[in-house]
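Asker: Quick one, what's the 3D model for this:
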Amino acid sequence: MSSVAAVARQALRQAPKAAKSIQTSAPKSSGYGSDPHYLHAEHMYEPWNMTSRKVKFGVGCTAIVVGGFGIPFFAVWWQRSKSGV
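Answerer: The predicted structure follows:
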């Protein structure tokens, strides 16, 4: 039992040294490191300036609703058709 205790004591003595030896580098920055703004599309998130905004948002919302209801209904139909019910 004393050999197990000796190994445990040695591991505890070396733990702080091992923790201090871990080194990391600074993260690489891409593009404009000092500029916090996204410069490539200044007016990207301004939906009030979009042309035919109502049509685009209407089509998008319709697609989301149809997909949200259509995919589960299709999955149920598919499973039932495979089982022969």
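Asker: C-alpha only now, for contacts and for neighbours.
Answerer: Fine.
Asker: Could I get the full set of helices for the protein?
Answerer: Listed in chain order, the helices of the chain (DSSP state H) span 2-20, 53-83.
Asker: Can I get those helices in TSV including mean neighbour count, mean pLDDT and distance to residue 45?
Answerer: Conversion of the helices of the chain to TSV gives the following (neighbours: other Cα atoms under 10 Å; pLDDT from 0 to 100; distance: least, Cα to Cα, whole Å):
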stretch	mean neighbour count	mean pLDDT	distance to residue 45
helix 2-20	10	76	45
helix 53-83	11	94	13
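Asker: between these, which one is nearest to residue 47?
Answerer: Evaluated over the helices of the chain, closeness to residue 47 peaks at helix 53-83, with 7.1 Å, by Cα to Cα.
Asker: Quick one: closest of the helices of the chain to residue 46.
Answerer: Among those, helix 53-83 comes nearest to residue 46, with 10.7 Å by Cα to Cα.
Asker: Now find how far off-centre the closest one is within its chain.
Answerer: The gap between the average C-alpha position of helix 53-83 and the chain average comes to 24 Å, counting by Cα atoms, centre = their mean, to the nearest Å.
Asker: Mind giving me the packing neighbours of that helix?
Answerer: Contacts of helix 53-83 with other secondary structure elements, assessed using 3 or more Cα pairs under 8 Å, 6 or more residues apart in numbering; DSSP states H and E, are absent: no helix or strand is involved.
Asker: about what we covered before: dump the helices of the chain into TSV; add distance to residue 26 as well.
Answerer: Listed next are the helices of the chain as TSV, based on distance: least, Cα to Cα, whole Å:
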stretch	distance to residue 26
helix 2-20	17
helix 53-83	41
